[in-house]
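K.L.:
Structure, please.
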Amino acid sequence: MLTFGGTEERQLLVNEMLGSTDENEPLQAMMKDPIGNYVVQKVLETCNNQSWELILFRIKVHLNALKRYTYGKHIVSVVERLLTTGADMMLFFLITSLYFYREIINGCR
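P.N.:
Got it, this is the predicted structure:
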């Protein structure tokens, strides 16, 4: 479903993972479980930017506690990698946007 499913199916899974409250109960349980942990990692790799940011925001609160769990350490590693990659991507897009903006401005003169 994550790899071959559509956007709506992925969003349904994200909504179920996050639960209906800010307690993050389903997400917390999944991060500590061997199979659930794998699912969380796959969701982070395949979801859209809005879901990605929401999941990372919810996970960041638990990073220190996750380091104590065998499978939680996998999530910590993935999150740290994704945050670094995400920051690099944002910087790239910012620089690219500024470059094109400058070209447009220069072309209008």
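K.L.:
neighbours of Leu44, just the number please.
P.N.:
A count of nearby residues for Leu44, using other CB atoms under 10 Å, gives 19. Bear in mind the C-beta positions are built from the backbone N, C-alpha and C, glycine included.
K.L.:
which ones are touching it?
P.N.:
52, 55-56, 78-79, 82 (CB atoms under 8 Å, 6 or more residues apart in numbering).
K.L.:
Including neighbour count, secondary structure and distance to Phe4, could those go into a markdown table?
P.N.:
Output for those, formatted as a markdown table (neighbours: other CB atoms under 10 Å; DSSP: H, G, I helix; E, B strand; the rest coil; distance: CB to CB, whole Å):
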| residue | neighbour count | secondary structure | distance to Phe4 |
| --- | --- | --- | --- |
| Trp52 | 17 | helix | 19 |
| Ile55 | 21 | helix | 20 |
| Leu56 | 15 | helix | 24 |
| Val78 | 18 | helix | 21 |
| Val79 | 21 | helix | 25 |
| Leu82 | 18 | helix | 22 |
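K.L.:
which one in those is the model shakiest on?
P.N.:
The lowest pLDDT within the contacts of Leu44 belongs to Leu82, with 73.
K.L.:
Just give the closest residue to that residue, not the sequence neighbours.
P.N.:
In space, and not counting its chain neighbours, Leu82 is closest to Leu44: 6.0 Å by CB to CB, 6 or more residues apart in numbering.
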